[in-house]
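In: how does the following fold in three dimensions:
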Amino acid sequence: MSSSIDPHRLDPVRGARAPQFDGTAGEADPYEQARISVTAEGAGIRLVRLTGDLGSGSEAHLEQVLGEQIGARLAGLVVDLSAASFIGVRGTAALLAAARRARRRGLALSLVVGEHREITRVLSQVCPDEALLVHTSLTGSLYARRGLVPEAAVAHSPPVTAAHAAGANGPRGGTTVGGALTIALHRLPDHVTVTLGGELTPGGVGALAQTSAELLLDVGRVLVDLTDLRVDFVPGLQVFPSTLAAAGGWPGARLVLFGASPELSEVLVSLDLTDTVPLAADQAAAVARLETRPPTLSRYHDLEPHLASPRRARALFRRACLDWALGDAYDHAALVVNELVTNAVRHARTTCRLDIRLDARGLRVGVRDQGPLHPALLDDPGHLLPPGVGLHLVAMLSHRWGVEEHVDGKTVWARFRPRPVPSSSS
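Out: Presented below is the predicted three-dimensional model:
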């Protein structure tokens with residue numbers, strides 16, 4: 001239940017035309033100057049609601065209220081304009097100033113515009129270099145209830161055109177405005193559909209990744225409509241398998257794409273993305289595909305350079321085997337996981353990423369760190385003796401193993417042949 005913020009902390013601006021304000025939302029003449037209320041909506045989330053006329057004389061008070069909230073230690077700030085009768089130029093300027101200030105402080109700020117569809121066009125015209133998170137509905141928006149995508153994630157997105165912004169506001173749950181990519185949400189009881197529009201550019205990948213991750217962790221079953229998506233940045237398509245793997249993948253996190261054009265479908269298949277993230281022809285087929293296990297299962301975990309990380313890695317690996325109904329088919333691989341993470345902790349001394357992947361060729365585990373290719377990794381008798389430990393153990397237990405060098409580090413991996421697993425895993 002919402003709790004009101006102490007109104008004494010937010011005294012109205014003094015003056016002949018100072019707007020009315022109290023700590024709870026109340027009825028107001030729609031043509032009166034704006035009334036502003038502030039309530040707490042969940043942990044670290046504040047809702048600033050406006051009613052009445054946000055015209056000349058009200059914007060200074062709005063700026064003061066927003067400044068108070070931005071200065072607090074919040075996780076997210078929602079400004080609800082849906083009950084405002086009018087939003088003037090000065091009010092729009094106050095909102096933009098607050099958004100910029102919030103972004104500098106790393107605070108997620110969102111606007112709920114309701115039926116004020118024109119505000120998206122105004123924002124795109126007067127702040128072409130800014131990025132704002134705009135929702136059409138407070139209750140229908142995932143972010144307005146649980147937390148918001150940080151503006152930094154979309155701060156560098158190219159500007160949206162006025163026509164594009166106008167077309168983005170449909171009956172969906174929310175729309176990201178301020179970049180070439182638009183993201184609309186439609187929540188149903190058992191899944192969420194994410195409708196993408198415009199162009200996928202480097203600037204929009206961050207917003208798409210955070211939106212997808214939030215939904216996969218919160219709802220677990222996500223469809224992505226690619227019908228109106230144009231892809232100018234092909235590497236950006238990796239956001240789908242990467243985000244799914246970060247969320248743990250099947251069965252807790254399920255992601256299906258649909259509606260791609262023949263050209264985009266060909267690209268997705270050529271990149272092998274559809275093995276991990278299935279591609280369906282239409283929405284009905286995508287809903288059905290949510291129930292089917294993908295050909296390739298993948299997940300990863302980031303680990304700290306701590307002596308406890310090998311033990312945690314073993315537990316995470318066993319959790320994956322349990323989720324994927326592998327039984328004890330790959331129990332021996334836990335020893336390899338332990339050794340690879342131990343090497344990363346002892347030699348690289350950086351964070352490392354444990355990657356676990358299961359496909360028709362068997363199981364693959366890899367550990368990526370940010371350290372150089374240490375001689376001990378390849379041929380250091382002091383590290384590898386006595387026989388049967390270290391990387392000798394990796395070589396003995398795995399079908400194949402190797403090292404991949406990167407600009408910022410390396411990945412040591414091992415592959416295990418397919419093994420019989422219980423029939424329930426199919």
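In: can you list contacts of whichever strand or helix holds Asp228?
Out: Using DSSP states H and E, Asp228 sits in strand 221-231. The contact list for strand 221-231, computed with C-beta atoms under 8 Å, 6 or more residues apart in numbering, reads 190-200, 212, 215-216, 237, 240, 253-261, 264, 267, 283, 286-287, 290. Every C-beta, even on glycine, is put in place using the N, C-alpha and C of the backbone.
In: can you say which of those are buried?
Out: Neighbour-count burial (16 or more other C-beta atoms under 10 Å) is assigned, among the contacts of strand 221-231, to 191-200, 212, 215-216, 237, 240, 253-260, 264, 286-287, 290.
In: buried residues of the strand holding Asp228, list them for me.
Out: 221-226, 229-231.
In: can you list the strands that the helix or strand Glu199 falls within pairs with?
Out: Taking DSSP H and E as the criterion, Glu199 maps to strand 192-200. Strand 192-200 pairs in its sheet with strand 181-187 (antiparallel), strand 221-231 (parallel), by DSSP bridges.
In: show the subsequent helix or strand relative to the longest one.
Out: If I follow you right, that is strand 221-231. From strand 221-231, the next helix or strand downstream (DSSP H and E) is helix 239-246.
In: which elements pack onto that following helix?
Out: Applying 3 or more C-beta pairs under 8 Å, 6 or more residues apart in numbering; DSSP states H and E, one finds that helix 239-246 contacts helix 202-218, strand 254-258, strand 297-303.
In: just the helices in the protein please.
Out: For the chain, applying DSSP state H gives helices covering 59-71, 89-104, 118-126, 142-146, 162-168, 202-218, 239-246, 262-270, 283-289, 309-323, 333-343, 375-379, 381-384, 390-397.
In: mind checking pLDDT for Leu255?
Out: You'll see Leu255 listed with a pLDDT of 97.
In: revised request: answer the last question for Gly42.
Out: 64.
In: cool, Pro12 as well?
Out: In this model, Pro12 carries a pLDDT of 33.
In: my guess is Ala84 meets Gly52, correct?
Out: Yes - the criterion here is C-beta atoms under 8 Å, and Ala84 meets it with Gly52 at 6.7 Å.
In: overlap in contacts of the two?
Out: Common neighbours of Ala84 and Gly52 are listed as Ala34 (criterion: C-beta under 8 Å, 6+ apart).
In: and these two? which has more neighbours close in?
Out: Between Ala84 and Gly52, counted using other C-beta atoms under 10 Å, Ala84 has the larger neighbour count: 25 against 21.
In: do you know the pLDDT at the more buried one?
Out: On the pLDDT scale, Ala84 is placed at 82.
In: show me the contacts for it.
Out: 34, 50-54, 116.
In: and with 7 Å instead?
Out: 34, 50-52, 54 (C-beta atoms under 7 Å, 6 or more residues apart in numbering).
In: show me where the stretch 1-150 of the chain has its strands.
Out: Listed in chain order, the strands of the stretch 1-150 of the chain (DSSP state E, counting those that start in this stretch) span 3-4, 35-40, 45-54, 76-87, 108-112, 132-135.
In: nearest to Arg353, out of the ones you listed?
Out: In terms of C-beta to C-beta, the element of the strands of the stretch 1-150 of the chain nearest to Arg353 is strand 108-112, at 25.9 Å.
In: so in that sheet, which strands flank that closest one, and in what orientation?
Out: Here, using DSSP bridges, strand 108-112 pairs with strand 76-87 (parallel), strand 132-135 (parallel).
In: and the angle from it to helix 59-71?
Out: Angle, strand 108-112 to helix 59-71, by axes from the mean of the first three to the mean of the last three C-alpha atoms, to 10 degrees: 140 degrees.
In: before we move on, back to that, select from the strands of the stretch 1-150 of the chain the stretch with the lowest mean pLDDT.
Out: strand 3-4 (a mean of 38).
In: picking up where we left off before, which of the strands of the stretch 1-150 of the chain sits most buried?
Out: strand 132-135 (a mean of 27; mean count of other C-beta atoms under 10 Å).
In: please name the nearest non-neighbouring residue to Gly44.
Out: Using C-beta to C-beta, 6 or more residues apart in numbering and skipping the chain neighbours, the partner closest in space to Gly44 is Ala75 (3.2 Å).
In: what is the burial count for Arg90?
Out: Arg90 has 17 neighbouring residues, counting by other C-beta under 10 Å.
In: I'd assumed His61 was in contact with it.
Out: No - under the criterion of C-beta atoms under 7 Å, Arg90 makes no contact with His61, lying 11.4 Å away.
In: can you list residues touching both of these two?
Out: When contacts are counted by C-beta under 7 Å, 6+ apart, the set common to Arg90 and His61 is empty.
In: ok so, going back, need the strands paired with strand 192-200 in JSON lines with mean pLDDT and distance to Asp331, can you?
Out: Listed next are these as JSON lines, based on pLDDT from 0 to 100; distance: least, C-beta to C-beta, whole Å:
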{"stretch": "strand 181-187", "mean pLDDT": "83", "distance to Asp331": "40"}
{"stretch": "strand 221-231", "mean pLDDT": "93", "distance to Asp331": "30"}
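In: format the ones you listed as a markdown table; extra columns: distance to Ala313.
Out: A markdown table is the format used below for the strands paired with strand 192-200 (distance: least, C-beta to C-beta, whole Å):
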| stretch | distance to Ala313 |
| --- | --- |
| strand 181-187 | 34 |
| strand 221-231 | 27 |
